[in-house]
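In: sequence first, predicted coordinates after that:
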Amino acid sequence: MIHARGLARTFRTRRGDVDAVRGVDLDVAEGEIVGFLGPNGAGKTTTLRMLTTLLAPTRGQATVAGVDLRRDPAGVRRRIGYVAQSGSTAGEARAGEEVVDHALLYGVQKATATARGRELFEQLELDGLWERKCSTLSGGQRRRLDIVLGLVHVPTLMFLDEPTTGLDPQARANLWHHVRTLRDERGSTVFLTTHYLDEADALCDRVLVIDHGTIVAEGSPDQLKQQVSGDAIVLTAGAVADVPRIAAVAASLPGASVPTVDGTVVEVRVPSAGRLLAGLLRSLDAEGLDLDGIELHRPTLDDVFLTLTGRSLRDGEPTSTSAPTPGAAA
């Protein structure tokens, strides 16, 4: 559905050229929900704007929804849906009018647009709001209305830019359900950006991580978490004297990191800890070692981000001495 190679964008500034995106290679298959993540200044928004034809690439090639991005941008626009982060509805307009007017821009007949719009209103739990002014809708309702605008012309590929920003937890969870429905019931392919790591974890089949204008990692959320961090096993010794022996047993686990010790607590990271836990307990018992407690912690996408980029996804500030690409788009 998306195939890009060497996609890049350079901006000219008074201080010289700035490479916001340095050469992105990415593939999105039909029917996938793919999350596109990156700290502020990583090049995420610039890449999204290129893929949606809002910004011309400086170099590289891409096909989007089966259409060459550079040769036929109008053809790309006809085949995609795009929901901007800031939304696209006018407060004084009526919700149904916005939907119909949007569809007319794509050449959809008014009667067809009205029928499709009302069907989408029902599917996205907007029943009874067709005549309501957009300014009177809740935040969650307006975001769902934005999705209706992106779907009314029946695109094969939907781009969602920060779809749940500013929503309360209940509205976010509700919108997650509708995003899944786009794929599961409508067969849509979804490409979304988000600053919420739990959102990417819950929604996405695959995640692409961009930093300093290049893709630095990709895979399913579970694959990325195992690849970067592994699972943490935290063992609390019953006696301080047993800590060295407990650490030695933990270190013998397949693929184990060097254990860390803090008082009576021993922590070790291993791949797939759930499969190793029973054997670990048997080994500790055979050595006559008692524990006061044992905990198992799965890695999070936040662990992935800190490992890959050295900074938080939300604040975009590096924890190392390397600075982010100046002027790069978020």
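Out: The structure has been received and is ready for your questions.
In: name the residues that touch the strand or helix carrying Thr112?
Out: In this structure, Thr112 sits in helix 110-123 according to DSSP states H and E. Applying C-beta atoms under 8 Å, 6 or more residues apart in numbering, the contact partners of helix 110-123 are 95-96, 99-100, 103-104, 108, 126-127, 129-130, 148, 151-152, 154, 178, 181. To be clear about C-beta, it is placed using only N, CA and C from the backbone, and glycine gets the same treatment.
In: do that again at 7 Å, thanks
Out: Helix 110-123 is contacted by residues Gly96, Val99, Val100, Ala103, Leu104, Asp127, Leu129, Trp130, Val148, Leu151, Val152 when judged by C-beta atoms under 7 Å, 6 or more residues apart in numbering.
In: ok, the third one - how many residues close by?
Out: Summarising burial for Val100: neighbours were counted as other C-beta atoms under 10 Å, giving 19.
In: on the three-state scheme, it is what?
Out: Look at Val100: counting by DSSP: H, G, I helix; E, B strand; the rest coil, its state is helix.
In: neighbours of the nearest residue to it once chain neighbours are set aside, how many?
Out: Taking C-beta to C-beta, 6 or more residues apart in numbering, and ignoring the residues beside it in sequence, Val100 has Ala113 as its nearest neighbour in space, at 4.7 Å. For Ala113, the neighbour count with other C-beta under 10 Å is 22.
In: next, work out how far apart Ala113 and Gly96 are.
Out: 10 Å (C-beta to C-beta, to the nearest Å).
In: and the strands in this structure?
Out: Ranges of strands within the chain are 2-13, 16-28, 33-37, 59-64, 67-68, 80-83, 157-161, 189-193, 206-211, 214-219, 231-237, 260-262, 265-270, 291-297, based on DSSP state E.
In: partner strands of the shortest one and their direction?
Out: For strand 67-68, the paired strands and their directions (DSSP bridges) read strand 59-64 (antiparallel).
In: and what of the last one?
Out: When sheet partners are counted by DSSP bridges, strand 291-297 sits next to strand 231-237 (antiparallel).
In: and if you look at the second one?
Out: Strand 16-28 has the following sheet partners, assigned by DSSP bridges: strand 2-13 (antiparallel).
In: what comes up buried for the strand it pairs with?
Out: Residues Ile2, Ala4, Leu7, Ala8, Arg9, Phe11 are the ones in strand 2-13 that count as buried (16 or more other C-beta atoms under 10 Å).
In: tell me the contacts of the third one?
Out: For Leu7, the contacting residues are Val21, Gly23, Val24, Thr47, Met50, Pro57, Gly60, Ala62, taking C-beta under 7 Å, 6+ apart as the criterion.
In: quick one: it from Arg59, how far?
Out: Using C-beta to C-beta, we find Leu7 at a distance of 8 Å from Arg59.
In: check Asp184 too.
Out: For Asp184, the distance to Arg59 - C-beta to C-beta - is 37 Å.
In: likewise for Pro73?
Out: 16 Å.
In: which one of those two has more residues nearby?
Out: Pro73 (16 against 12).
In: tell me the contacts of the more buried one?
Out: Pro73 makes contact with Thr53, according to C-beta under 7 Å, 6+ apart.
In: which pLDDT value belongs to it?
Out: Pro73 is assigned a pLDDT of 95 by the prediction.
In: cool, Val21 as well?
Out: Per the predicted model, pLDDT is 94 at Val21.
In: repeat for Thr307
Out: 75.
In: again, but for Leu197
Out: Per the predicted model, pLDDT is 83 at Leu197.
In: mind listing what the closest residue to it other than its chain neighbours touches?
Out: Spatial nearest neighbour of Leu197, excluding adjacent residues (C-beta to C-beta, 6+ apart): Leu301 at 4.0 Å. Neighbouring residues of Leu301 by C-beta under 7 Å, 6+ apart: Leu197, Ala200, Asp201, Pro221, Leu224, Lys225.
In: in stretch 114-127, what's buried?
Out: Thr114, Arg116, Gly117, Arg118, Leu120, Phe121, Gln123, Leu124, Leu126.
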